[in-house]
Each structure stands twice: as C-alpha cells, then as structure tokens.
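K.L.:
Kindly generate the corresponding structure for this input.
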Amino acid sequence: MPDPLEDEKHGININVLQIKEVDNTYVNSSKERMFDVVRLFVANCEGSVSLNDFNQIFKTVTVWIKFRPRKLGTYVEVIKERTTDKTISVRYSSNEYIPHVKEVLREHKLRIKTIENNVITCQVPKPSDQDIEIAVQKIKILATTARSSLSQVKADTIQRLQAALKNEYIEAKDVKYAISNIEKVELQMAAMLTYFRLENEKLISGRNFNFDAVEAKDIWTTISRKIKKSGNIEV
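P.N.:
Predicted coordinates for the structure are as follows:
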C-alpha cells in the first residue's frame with residue numbers, strides 16, 4: 001500500500017490511486033515504479049508550482065549595512081510554514097533591516113498587515129492572468145516529463161523480461177503475459193497522470209479553468225466518477 005501524500009492546503013490526494021499486486025514480480029515492480037513517477041509529479045506540483053512564490057525575493061538583494069554590501073537574504077527570510085494563499089510572513093533579525101525589507105515588499109506589491117516580534121505579515125497581491133498561465137504551463141511541463149518517465153519504466157521492464165527470456169530464467173508465455181499487463185498499466189498510470197494534472201490546473205486556474213482537449217476531459221470525468229463511487233482507482 002502506498003503512503004498517503006496529501007496536500008492539505010489544496011486537497012490533492014495521491015492516495016486515491018491504489019496499487020493491486022498480481023502474481024508476477026516484473027509487473028508488480030513496474031507498477032510500483034510507475035506509481036513513484038505519478039507520486040513525484042504530484043509532489044513537484046505541490047512544492048514548485050505557485051502563483052505567489054515569494055520565497056526567494058530577498059536572496060539576491062544586496063544592501064549596504066554599516067558601509068558594507070550584504071545579501072539581505074542572510075538576515076531576512078520568508079517563513080514557509082506560515083505562508084498561505086493570501087499572506088506571507090517575513091522574519092528579520094534586526095530592526096535596522098526593516099527599511100530594506102519594506103522596499104523589497106513594495107517592489108513585489110506585498111502590503112504589510114502587521115509587524116511584531118521580528119515578523120512582518122503581508123497580504124499577497126491577486127495573481128494576474130499571466131501569473132496563472134505561467135503556473136499552468138509549468139504543470140504541463142512537469143506532466144510531460146512524468147509521461148516520458150512512465151514510458152521509460154515500461155521500456156526498462158520489457159528489456160529486463162527479454163534478457164530473462166534469453167537466459168532462460170522465464171518462459172515465453174510468461175513474458176508475453178507480463179508485457180501485455182505492463183502496457184496496460186502504463187496506459188492506466190498515464191490516465192491517472194492526466195487526472196492529477198487537470199486537478200492541479202483547476203486549483204491554479206479557479207473559475208478560469210478549461211479542459212485543453214476532449215480526450216483529457218473524458219479521462220478526468222471517467223476517473224472522477226469512479227473515485228466518487230468507490231473512493232479510489234485500483235491499478
């Protein structure tokens with residue numbers, strides 16, 4: 001059973017995808033590796049795709065402190081665990097950095113709500129259509145990379161099966177059975193990848209979300225119905 005991976009903030013839950021073991025180690029191994037690919041895609045979307053990614057805004061800023069140039073990121077940081085869709089919190093080590101921090105915040109259109117205990121809480125600006133489009137395109141790129149990885153897992157497993165057949169470790173009928181099942185699993189995992197991609201795009205786009213293809217819409221609709229009915233998809 002896979003461990004749960006859930007983005008509590010957004011509700012993307014990889015655990016709706018379940019792995020069903022069969023009586024073939026090659027097929028099982030392929031399933032697990034493909035699941036890892038889909039799982040990594042979901043994690044990457046959670047960790048690297050954001051409409052308001054302000055984590056690095058202080059890293060490259062140089063300021064003059066006591067007549068010497070200093071990287072502001074050495075003394076100021078965004079508190080990731082306190083960042084939400086609407087606010088970010090910035091911790092600074094000394095009051096002398098406040099003017100520099102405020103300047104950076106103004107440049108990024110971050111409005112200060114509170115300043116207390118060396119923490120500035122800011123309201124993030126509403127994302128523009130361009131921000132949304134950039135985030136959606138990043139999700140698509142991650143999905144394309146993941147789809148290629150699924151194909152590579154299939155190719156690697158088939159190569160292993162052919163080597164085993166050549167060395168007489170496995171019979172031809174078992175190789176045929178395994179390859180047929182692995183090809184089926186790849187298609188199922190690719191469908192789940194499409195489903196998770198669209199779920200992430202919906203979260204980013206909100207009311208502006210549109211399906212990019214009829215086939216993608218059909219896949220999402222079918223999987224959504226199955227999950228609603230049984231709680232998960234078994235591959």
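K.L.:
alpha carbons only for contacts and neighbour counts from here, please
P.N.:
Fine.
K.L.:
Let's check: the centremost residue of the chain is which one?
P.N.:
In the chain, the residue lying closest to the centroid (CA atoms, centre = their mean) is Cys45, at 1.7 Å.
K.L.:
Check the gap between that one and Lys126 for me.
P.N.:
Applying CA to CA, to the nearest Å, one obtains 20 Å for the distance of Cys45 from Lys126.
K.L.:
so who does Ile219 touch?
P.N.:
Ile219 makes contact with 191, 194-195, according to CA atoms under 8 Å, 6 or more residues apart in numbering.
K.L.:
One more pass at 10 Å, please.
P.N.:
Ile219 makes contact with 190-192, 194-195, 198, according to CA atoms under 10 Å, 6 or more residues apart in numbering.
K.L.:
what helix or strand is the residue nearest to the centre of the chain on?
P.N.:
Using DSSP states H and E, Cys45 sits in helix 25-48.
K.L.:
Now that helix: buried residues?
P.N.:
In terms of neighbour count (16 or more other CA atoms under 10 Å), helix 25-48 has its buried residues at 26-28, 30-35, 37-43, 45-46.
K.L.:
Mind checking the pLDDT average for the helix or strand just after that helix?
P.N.:
On the C-terminal side of helix 25-48, the nearest following helix or strand under DSSP H and E is strand 62-65. For strand 62-65, the mean per-residue pLDDT is 86.
K.L.:
for stretch 103-116, same thing?
P.N.:
Per-region confidence: stretch 103-116 scores 91 on mean pLDDT.
K.L.:
Then stretch 39-46?
P.N.:
The model assigns stretch 39-46 a mean pLDDT of 91.
K.L.:
Poorly predicted segments of this protein, please.
P.N.:
For the chain, the stretches with pLDDT under 70 are 1-11, 47-52.
K.L.:
measure Ile204 to Val63 for me?
P.N.:
Following CA to CA, the distance that separates Ile204 from Val63 is 34 Å.
K.L.:
Which one of the two is surrounded by more residues?
P.N.:
Neighbours per residue (other CA atoms under 10 Å) separate Ile204 from Val63, with Ile204 holding more: 22 against 16.
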